[in-house]
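Q: Pasting the sequence and the predicted model now:
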Amino acid sequence: MELIACPTCGRIQVDLFTLVKEVEKVLMPELELPVKVAVMGCIVNGPGEAEGADVAVFAGDRRGIIYVQGQKVANVTEEEILPRLLQECKAFEAKVKAGEARLGEKLVEIKPPDPIGELGSGAAKIAAGQVAQVSVGQTG
Ligand code: SF4
């Protein structure tokens, strides 16, 4: 497995360091092929920065959107990110082994969602009057 993590910036909406460590710990022993996995701290610029990944997760606002070869496959809660990411990576790896997909075949070409939508930036949501405050990082 090859892991790509965003460099982080002011837009970050999660504890990326912890998430990357967890992804490494959980996925690394499970994957045999060099599947390229991107773990991004937000949905705003993350898609462009995850270019070239086979599987990518864009975290933020206590959820994660998962893409496999450019296709959105899941929008899960923060707690579900790791198990779902593992499930999707293993399914993708199985497809590669069966000759149904190829590593690095498709770039992650993702049209970012509505900025005040499901994983849009907290600032935009607050500006739009959708929420008074947006939680950042992990709690509990
Ligand atoms: S993915 Fe988001 S948080 Fe990470 S560097 Fe890019 S803009 Fe910043």
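A: Structure received.
Q: Now do the contacts for the residue most central in space within the chain.
A: Residue closest to the average C-alpha location in the chain (CA atoms, centre = their mean): residue 57, at 0.9 Å. By CB atoms under 8 Å, 6 or more residues apart in numbering, residue 57 lies in contact with 23, 37, 38, 39, 40, 64, 65, 66, 67, 81, 85. Heads up, the C-betas are built off the backbone N, CA and C, glycines and all.
Q: Please repeat the previous calculation with a cut-off of 7 Å.
A: Residues in contact with residue 57 (CB atoms under 7 Å, 6 or more residues apart in numbering) are 39, 40, 64, 66, 81, 85.
Q: Just the ones in helices from the residues you listed, please.
A: 81, 85 (DSSP state H).
Q: show me the contacts for residue 21.
A: By CB under 7 Å, 6+ apart, residue 21 has no neighbours at all.
Q: Any part of the host helix or strand of it near the ligand?
A: Using DSSP states H and E, residue 21 falls within helix 16-27. No. Against the ligand, helix 16-27 shows no contacts by CB under 6 Å from any ligand atom, the least distance being 7.1 Å.
Q: Mind checking the pLDDT average for that helix?
A: Here helix 16-27 scores 94 as its mean pLDDT.
Q: mind checking how far residue 1 is from the ligand?
A: 19 Å (CB to the nearest ligand atom, to the nearest Å).
Q: what are the ranges of the helices in the protein?
A: 16-27, 46-49, 81-97, 122-127.
Q: where does residue 1 land on pLDDT?
A: Model confidence at residue 1 (pLDDT) stands at 91.
Q: In this structure it contacts residue 27, no?
A: Yes. The criterion here is CB atoms under 7 Å, and residue 1 meets it with residue 27 at 5.7 Å.
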